[in-house]
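[1] What would the 3D arrangement of this be:
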Amino acid sequence: MKSKNLREGGSPGKAACLARNSNTKSISLEMSSNDVVYEQSPPILTSKGLYSAVKVVNVTGDTEVTCTADVGGIPFTESTAGEVEEPVTEKVCNTTDTSMEADSRVEKVNMLSMAVLGLRVLLAKAIAFNTLMSVKLFLF
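    Now for the predicted structure:
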């Protein structure tokens with residue numbers, strides 16, 4: 001991806017290279033520009049058990065950006081010769097069904113742990129009450 005608002009002659013923009021959903025952790029990203037703004041190292045593990053990495057560099061004008069991702073020894077190359085991404089004007093959170101399922105699982109786990117905690121408190125109270133009644137029976 002490359003910034004849309006790049007002016008001829010000097011105003012730097014940004015270009016990003018993203019490698020997603022790799023089975024291996026050995027991901028290295030190389031870009032044609034050496035002015036690195038951000039590089040994610042080591043690659044992160046996603047909730048699906050796959051790895052993702054990103055690298056951002058500064059670019060100027062109509063510079064062609066080439067991104068090479070070496071994923072487990074297999075190189076993948078992508079070029080942006082004139083392809084420009086639309087700028088993001090506001091932060092948007094896109095949710096997918098998988099994230100909704102993950103939230104649902106978290107809610108179920110929280111509810112289950114609260115139910116177990118309630119049952120433990122009830123058991124402790126029952127044991128304390130039975131012990132107190134047994135002591136009263138034998139002493140009085």
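[2] what is the mean pLDDT for the strand or helix carrying T131?
    Using DSSP states H and E, T131 sits in helix 97-139. Regarding helix 97-139, the rounded mean pLDDT is 86.
[3] ok now it, how far from the chain's centre?
    Offset of helix 97-139 from its chain centre (C-alpha atoms, centre = their mean, to the nearest Å): 33 Å.
[4] residue contacts, the most centrally placed residue in the chain?
    With distances taken as C-alpha atoms, centre = their mean, T46 lies nearest the centre of the chain, 5.5 Å away. Contact analysis of T46 by C-beta atoms under 8 Å, 6 or more residues apart in numbering lists 20-21, 52. C-beta here means a position set from N, CA and C on the backbone, and glycine is covered the same way.
[5] if we go to 7 Å?
    S52 (C-beta atoms under 7 Å, 6 or more residues apart in numbering).
[6] That one and R20, how far apart?
    8 Å (C-beta to C-beta, to the nearest Å).
[7] likewise V65?
    Applying C-beta to C-beta to V65 and R20 gives a distance of 18 Å.
[8] Tell me which of the two has more neighbours.
    V65 (21 against 13; other C-beta atoms under 10 Å).
[9] beta partners for the residue nearest to that one when sequence neighbours are not counted?
    Nearest non-adjacent residue to V65, counting by C-beta to C-beta, 6 or more residues apart in numbering: A15, 4.3 Å away. On the basis of DSSP bridges, A15 is bridged to K2, V57.
[10] Could you report the neighbour count for A15?
    Neighbours around A15, by other C-beta under 10 Å: 25.
[11] Wait, it touches T60, no?
    No: with contact defined as C-beta atoms under 7 Å, A15 does not count as touching T60 (10.3 Å).
[12] picking that back up, find the residues that touch each one of T46 and R20.
    Common neighbours of T46 and R20 (C-beta under 7 Å, 6+ apart) are S52.
[13] circling back: do you know how far the residue nearest to V65 is from K48?
    A15 is 26 Å from K48, by C-beta to C-beta.
[14] Ok, K14 next?
    27 Å.
[15] if you count what's nearby, which of these two comes out ahead?
    Between K14 and K48, counted using other C-beta under 10 Å, K14 has the larger neighbour count: 17 against 10.
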